[in-house]
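Engineer: attaching a predicted model along with its sequence, questions to come.
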Amino acid sequence: MTAHIHAWEDDGYCYLCGKRNPEGFKMEFTIKDREIETSFTAEKRHQGYRDILHGGFLAMAMDEVMVMLPYRLFGSAVATAEIRVRLVAPVVVGERVVVRARFEGEAKAGQRLYRLAAECLLADGSVVATGRGTCVRVK
């Protein structure tokens with residue numbers, strides 16, 4: 001059974017940015033020079049292997065910042081059409097991860113497609129994951 005989508009709206013329960021989701025990350029975002037940034041701390045409950053953050057959380061965080069950039073900068077609600085993720089190094093439970101995204105190529109309000117790149121970094125600046133994605137405007 002598939003759910004019927006009435007509208008693309010934010011009800012505050014997004015697992016990453018939703019303020020009403022008791023299990024979520026409640027991410028805050030900063031935009032500077034057409035880039036967006038957020039961060040989170042890897043917790044034990046998010047692990048895959050013992051004391052290592054599950055790589056899916058890195059992919060999910062990069063997806064989130066890529067979707068948020070056109071939304072916060074232009075007011076364009078978008079959904080991910082395609083994402084490619086490269087996991088570079090493990091993240092130990094307890095480490096803080098900075099997640100950034102930027103546009104690849106030209107980007108302006110009202111576009112149908114946005115091409116973006118993202119990365120996850122540790123406090124020392126080392127890259128632990130990279131991603132590229134295409135987001136499509138939704139109604």
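Structural biologist: Yep, that arrived.
Engineer: alpha carbons only for contacts and neighbour counts from here, please
Structural biologist: Will do.
Engineer: where do the helices sit along the chain?
Structural biologist: Per DSSP state H, the chain carries helices over the ranges 55-74.
Engineer: show me the shaky parts of it.
Structural biologist: 1-7 (pLDDT under 70).
Engineer: which residues in it form strands?
Structural biologist: Assigned by DSSP state E, the strands in the chain fall at 30-32, 35-41, 78-87, 96-103, 113-121, 127-137.
Engineer: what sits up against the fourth one?
Structural biologist: For strand 96-103, the external contacting residues (Cα atoms under 8 Å, 6 or more residues apart in numbering) are 34-42, 61-62, 65-66, 69, 114-123.
Engineer: which neighbours does it have in its sheet, and in what orientation?
Structural biologist: Strands that pair with strand 96-103, judged by DSSP bridges, come out as strand 35-41 (antiparallel), strand 113-121 (antiparallel).
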